[in-house]
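Participant: Any chance you could fold what I've pasted below:
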Amino acid sequence: MANINDNFLKLQDNYLFSTIAKKVNEFKNNNPDKKIIKMGIGDVTLPIPKVITDAMQKAAQELEDINTFKGYPPEYGYSFLKEKIIENDYKKRNINIDESEIFISDGAKSDTGNILDIFKCGNTVAITNPVYPVYMDTNIMMGNKIVYIPMSKENNFIPQIPKEKVDIIYLCFPNNPTGVSLGKRELQKWIDYAIENNSIIIYDAAYEAFITEEDIVHSIYEIDGAKKVAIEFKSFSKTAGFTGIRCGYTVVPKEVIGFTKTNEKVNLNKLWARRQSTKFNGVSYITQIGAEAVYSDEGKIQTKKNVNFYMENAKIIKNELKKLGFGITGGVNAPYIWLKTPDGLTSWEFFEYLLNEKQIVGTPRKRIWNRGRRIF
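Facilitator: A predicted model of the protein is given here:
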């Protein structure tokens, strides 16, 4: 008899964004003549910059020549891409990262969930509330105890250090979905807590390209002590339009350690490398060539143009919602706008209203706690 992982039965039947897509498709089938404005998932609307697609086309042509053909890629990524990441994302910020600490992947979403493979089931995990669903669902799948850290208007959407000891902490800044960012002083508190309690921080920096303010870090490793306790995840999805191509990377410093049941120290870089080489066959050569082109001079210009376009849209939406009297946050260091639903509507009721009456798709995410008004 094949026994199942009972933790999966604790999940909702469908992933949030799958439910949204189903509802949108039903509306489209019933209303084929109506145009829908989709803002329900963080997908991109602008095409991939030409300098990137040109590089990918050239890479594809290389594969038809026996002299330049590439088979399986390195499980951890090609050196040509890692070198660009180190030079542009870390060295210029005076952060020392070794190539062996970088793991090219098919995106931050996959890795922020898969990273749990190297930790035992039953850890106590702190997750901000509201939350990007992947963090919550993957920890439920693992049978972990989840401690929710409230982010609300009352605390300016700044998560507070938990009073109890936790083993793993998920932080996403700039934040999805609130759009809020933390300054260096606030992040230092989390690093200090993690060092004191032997905790590991899972730091999702997928939206760092959208940062506009000076005090906001582009990498958690800009904070003193972070390389001892933090694993960082970054993505090319929003920065360069790779949502359909899939490419990102995870940084696991060799200083980061975990503990066995007998309190022996274990290098997490080594464990993650072993996990990836076993369960992952690497990102395609064509995709990594495209990612490398992001760091070219023209690539930086073209991707920045796209980022500015999304941020201008966020500014417009934010200003108009303010005029309408909505309580909102975000739109400064991230393309997300987080708003309070009007007239006592639940988040799903407001979602249905926007879709059916205005043909606008948003993301309904009520707070996990059952107190206070639900917010959209």
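
Participant: contacting residues for residue 233?
Facilitator: Shown in contact with residue 233 (Cβ atoms under 8 Å, 6 or more residues apart in numbering): 108, 111-112, 202-206, 248-251. C-beta coordinates here come from the backbone N, C-alpha and C atoms, glycine included.

Participant: Do a quick rundown of the strands in this structure.
Facilitator: 37-38, 102-105, 124-129, 145-150, 168-172, 200-204, 230-235, 248-251, 257-259, 265-267, 328-330, 337-339, 360-361 (DSSP state E).

Participant: Show me how far the first one is from its chain's centre.
Facilitator: For strand 37-38, the distance from its own C-alpha centre to the chain's C-alpha centre is 21 Å (Cα atoms, centre = their mean, to the nearest Å).

Participant: contacting residues around it?
Facilitator: Residues contacting strand 37-38 (Cβ under 8 Å, 6+ apart): 24, 359-361.

Participant: Do you know the pLDDT at the closest residue to residue 236 other than its chain neighbours?
Facilitator: Excluding the flanking residues, the one nearest residue 236 by Cβ to Cβ, 6 or more residues apart in numbering is residue 242, at 4.0 Å. Among the per-residue scores, residue 242 shows a pLDDT of 95.

Participant: Quick check: phi and psi on residue 242?
Facilitator: Phi and psi for residue 242, reported as degrees, to the nearest 10, are phi -90, psi 20.

Participant: returning to that earlier point: nearest to residue 351, out of the strands of the chain?
Facilitator: Nearest to residue 351, of all the strands of the chain, is strand 360-361, at 7.9 Å by Cβ to Cβ.

Participant: what's in contact with that closest one?
Facilitator: Residues outside strand 360-361 that contact it (Cβ under 8 Å, 6+ apart): 20, 24, 36-40, 351, 354-355.

Participant: That one pairs with which strands, and in what direction?
Facilitator: strand 37-38 (parallel) (DSSP bridges).

Participant: Narrow the contacts of strand 360-361 to just the buried residues.
Facilitator: Those of those that meet the buried threshold are 20, 24, 39-40, 351, 354-355, by 16 or more other Cβ atoms under 10 Å.

Participant: Could you dump those residues into CSV and include distance to residue 266 and pLDDT?
Facilitator: What follows is the buried ones among the contacts of strand 360-361, written out as CSV (distance: Cβ to Cβ, whole Å; pLDDT from 0 to 100):
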residue, distance to residue 266, pLDDT
20, 39, 85
24, 45, 88
39, 43, 81
40, 41, 71
351, 44, 90
354, 48, 91
355, 48, 92
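
Participant: May I see those arranged in JSON lines, with distance to residue 271 as well?
Facilitator: Below are the buried ones among the contacts of strand 360-361 laid out as JSON lines (distance: Cβ to Cβ, whole Å):
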{"residue": "20", "distance to residue 271": "35"}
{"residue": "24", "distance to residue 271": "40"}
{"residue": "39", "distance to residue 271": "38"}
{"residue": "40", "distance to residue 271": "36"}
{"residue": "351", "distance to residue 271": "40"}
{"residue": "354", "distance to residue 271": "44"}
{"residue": "355", "distance to residue 271": "44"}
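
Participant: Residue 14: how many residues sit nearby?
Facilitator: 11 (other Cβ atoms under 10 Å).

Participant: Also residue 51?
Facilitator: Other residues near residue 51 number 20, with proximity taken as other Cβ under 10 Å.

Participant: and it, what is it in contact with?
Facilitator: Neighbouring residues of residue 51 by Cβ under 8 Å, 6+ apart: 293, 296, 298-299, 302.

Participant: switch to 10 Å and redo it
Facilitator: 240, 290, 293-294, 296-303 (Cβ atoms under 10 Å, 6 or more residues apart in numbering).

Participant: hmm, back to that, weed out the non-buried ones from the contacts of residue 233.
Facilitator: When the contacts of residue 233 are checked for burial by 16+ other Cβ under 10 Å, the buried set is 108, 111-112, 202-206, 248-251.

Participant: sorry, back to before: what's the closest of the strands of the chain to residue 66?
Facilitator: Residue 66 lies closest, by Cβ to Cβ, to one member of the strands of the chain: strand 102-105, at 25.2 Å.

Participant: Pull the CA coordinates from the closest one and hand them back as PDB.
Facilitator: Taking Å, rounded to 0.1, in the frame of the first residue of the first chain, the C-alpha atoms of strand 102-105 are listed here in PDB:
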ATOM      1  CA  ILE A 102      25.800  30.600  -7.000                       C
ATOM      2  CA  PHE A 103      23.200  28.100  -8.300                       C
ATOM      3  CA  ILE A 104      21.400  28.900 -11.600                       C
ATOM      4  CA  SER A 105      17.900  27.700 -11.500                       C
END
